[in-house]
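J.: here is a sequence together with a model predicted from it:
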Amino acid sequence: MPVLIKAVTKGGRCDKAGVKAGESLLTINGEEIADVLDYRFHQLNRSLTLEIQGESGEVRTVAIKKGEYEELGLEFETYLMDKQHSCRNKCIFCFIDQLPKGMRESLYFKDDDSRLSFLFGNYVTLTNITEHEIERIIKLHISPINVSVHTTNPELRCRMLNNRFAGKALDILKRFADGGIMINCQIVSCPGINDGQELDRTLDDLERLFPQIESIAVVPVGLTAHREGLYPLESYTEETAAKTLDQIEKRGEQFLKKYGRRIVFASDEFYLKAKRELPNADFYEGFMQLEDGVGLLSCLKDEFDWELEEAQPSDIKRKVTLACGKAPEAFLRDLLAQISEKFPNITVQVVGIENRFFGGEVDVTGLVTGGDLINQLKGVDLGDELIISSAMLRREGDLFLDDVSTDDVERELNIKLTAVPNDGQALLAAVAASNEINP
């Protein structure tokens with residue numbers, strides 16, 4: 001199927017070769033180009049022959065020589081070059097099904113697109129992948145792929161995903177492993193459903209695919225207050241979280257002895273729910289599952305401690321407020337209390353925001369909304385600046401999940417708002433009002 005070219009970068013290779021906007025790209029070096037993965041892979045060659053279809057239907061070939069990492073300079077109607085694949089499952093734990101009504105339409109879209117797994121690290125269930133895509137991934141050796149496994153019990157997986165093909169999709173994992181594709185796995189753990197003996201079974205089955213299994217993240221199910229008509233699920237308590245955490249860490253120790261790597265890790269939420277101390281940075285073997293909240297806080301602490309140790313003492317005087325979710329509040333308060341030795345005149349107030357927008361057991365920082373910030377911080381002495389995690393903001397960069405903007409928060413609270421990534425250096429720099437902590 002021809003891919004329409006929306007624009008051609010002026011002065012780029014294709015522009016110089018006479019390719020025009022409005023024409024269509026058919027093939028590169030004889031390989032059909034259907035989407036962004038085909039395009040990205042096949043344009044890597046230095047010597048290219050493009051088959052271009054003009055607006056009137058005529059087809060011509062264009063020969064191009066370019067540098068190894070040089071882009072062709074073509075832009076298409078959408079990033080993926082076709083429609084994004086939506087999810088066909090109805091998972092019993094799906095967070096999108098638990099969203100309150102009235103949010104912007106794009107937030108209710110469920111993606112299950114293997115291309116986004118490679119490009120952005122999104123997780124896919126493999127229930128929405130075509131035979132063509134499977135063969136292409138193996139042929140082109142596109143790796144790693146991130147898979148939402150949840151359980152390797154076929155019958156249980158069908159029930160959890162509410163998809164009668166969900167069990168068969170597990171066979172694709174073995175095909176990928178046999179094809180040399182590295183796999184990162186995610187397990188959303190639901191008390192009494194896929195934890196306990198079922199979790200042991202899943203880890204046993206995934207171990208059989210080693211060494212192609214690169215990492216396994218186990219995350220506790222997140223439940224909002226908007227679950228009317230949905231499958232009855234329970235949240236993890238301190239006791240049940242501790243039990244599951246022990247199970248995960250025990251298996252990690254076994255893997256470490258057998259393979260020299262832990263492979264399986266619990267997300268930070270399990271440690272916070274179990275009221276356990278978080279492991280140090282070395283425990284996480286390079287932080288391969290940060291997007292799943294695995295080692296996120298330990299990584300932040302490691303970077304922050306290093307930056308603070310190297311920082312020059314300062315007598316700068318100011319007061320700042322850090323707003324976060326309820327879950328990491330105590331951790332962040334202890335972390336930021338360390339600055340007093342080198343910055344004795346800086347006061348940092350850490351405020352955990354109760355998530356009234358989503359309700360339920362939601363207490364992570366990334367789901368704090370602008371409205372909750374405004375309602376709970378209005379009238380509070382916030383000092384000179386309000387600092388938040390950029391994880392609260394959507395890809396648009398200045399909108400919270402409830403469509404409140406950063407400008408709205410600044411205006412309503414009458415304070416400068418600074419969003420920082422999960423980066424220790426950036427956090428210390430924001431607190432100390434310095435772009436260069438370590439000269």
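T.: Arrived safely.
J.: spatially central residue for the protein, please.
T.: Nearest to the geometric centre of the chain sits Glu291, at 3.7 Å (CA atoms, centre = their mean).
J.: wait, what's in contact with the residue nearest to Ser390 when sequence neighbours are not counted?
T.: The spatially closest residue to Ser390, leaving aside those adjacent along the chain, is Ala419, at 4.2 Å (CB to CB, 6 or more residues apart in numbering). The C-beta positions use only the backbone N, C-alpha and C, and glycine is treated the same way. Contact analysis of Ala419 by CB atoms under 8 Å, 6 or more residues apart in numbering lists 387-390, 392-393, 406.
J.: for the residues you listed, give me CSV that also has secondary structure.
T.: Putting these into CSV (DSSP: H, G, I helix; E, B strand; the rest coil) gives the following:
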residue, secondary structure
Ile387, strand
Ile388, strand
Ser389, strand
Ser390, helix
Met392, helix
Leu393, strand
Thr406, helix
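J.: now the buried members of those.
T.: The neighbour-count criterion (16 or more other CB atoms under 10 Å) marks 387-389, 392-393, 406 among the contacts of Ala419 as buried.
J.: can you map out the strands along the protein?
T.: Listed in chain order, the strands of the chain (DSSP state E) span 3-8, 24-28, 31-32, 47-53, 59-65, 74-76, 145-148, 183-189, 213-220, 264-266, 318-325, 346-353, 385-389, 416-420.
J.: can you give me how far the last one is from the chain middle?
T.: Strand 416-420 has its C-alpha centroid displaced from the chain centroid by 21 Å (CA atoms, centre = their mean, to the nearest Å).
J.: please identify the pairing partners of that strand and their relative orientation?
T.: Sheet pairing for strand 416-420, assigned by DSSP bridges, gives strand 385-389 (parallel).
J.: what about the strand it pairs with, average pLDDT?
T.: Mean per-residue pLDDT for strand 385-389: 97.
J.: what's the angle between it and strand 346-353?
T.: Inter-element angle recorded for strand 385-389 and strand 346-353: 50 degrees (by axes from the mean of the first three to the mean of the last three CA atoms, to 10 degrees).
J.: neighbouring contacts of strand 385-389?
T.: Applying CB under 8 Å, 6+ apart, the contact partners of strand 385-389 are 318, 320-324, 365-366, 368, 373, 377, 409, 413, 415-422, 427, 430-431, 433.
J.: okay, and for the stretch 301-439 of the chain, where does confidence drop off?
T.: Applying pLDDT under 70 to the stretch 301-439 of the chain flags the ranges 395-396, 435-439.
J.: quick one: the helices in it?
T.: Along the stretch 301-439 of the chain, counting by DSSP state H, counting those that start in this stretch, helices occupy 329-337, 370-377, 406-413, 424-431.
J.: got the angle between the second one and strand 318-325?
T.: Between helix 370-377 and strand 318-325, the angle comes out at 130 degrees (the same axes, to 10 degrees).
J.: from the chain's centroid, how far away is helix 370-377?
T.: Relative to the centre of its chain, helix 370-377 is centred 25 Å away, using CA atoms, centre = their mean.
J.: who does it touch, helix- and strand-wise?
T.: When contacts are defined as 3 or more CB pairs under 8 Å, 6 or more residues apart in numbering; DSSP states H and E, helix 370-377 packs onto strand 318-325, strand 346-353, strand 385-389, helix 406-413.
J.: how about TSV for those, with distance to Glu269 added?
T.: Shown next, in TSV, are the helices and strands packed on helix 370-377 (distance: least, CB to CB, whole Å):
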stretch	distance to Glu269
strand 318-325	10
strand 346-353	15
strand 385-389	15
helix 406-413	25
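J.: and of the ones you listed, who's closest to Arg104?
T.: Of all the helices and strands packed on helix 370-377, helix 406-413 sits nearest to Arg104, with 15.0 Å by CB to CB.
J.: let me know the angle separating that closest one from helix 370-377.
T.: Per the same axes, to 10 degrees, the angle that helix 406-413 makes with helix 370-377 is 20 degrees.
J.: pull out the buried positions in helix 406-413.
T.: Across helix 406-413, burial judged by 16+ other CB under 10 Å covers 406, 408-409, 412-413.
J.: could you do stretch 316-335 as well?
T.: Neighbour counts over stretch 316-335 (16+ other CB under 10 Å) mark 320-329, 331-333, 335 as buried.
J.: re the thing from before, now, which of the contacts of Ala419 sits nearest Glu234?
T.: Of the contacts of Ala419, the one sitting nearest to Glu234 (CB to CB) turns out to be Met392, at 26.9 Å.
J.: what's the local residue count around the closest residue to the closest one other than its chain neighbours?
T.: In this structure, Met392 finds its nearest non-sequential neighbour in Val368, 5.0 Å apart by CB to CB, 6+ apart. Using other CB atoms under 10 Å, Val368 has 29 other residues around it.
J.: ok, Val368 to Ser24 distance?
T.: Val368 sits 45 Å away from Ser24, going by CB to CB, to the nearest Å.
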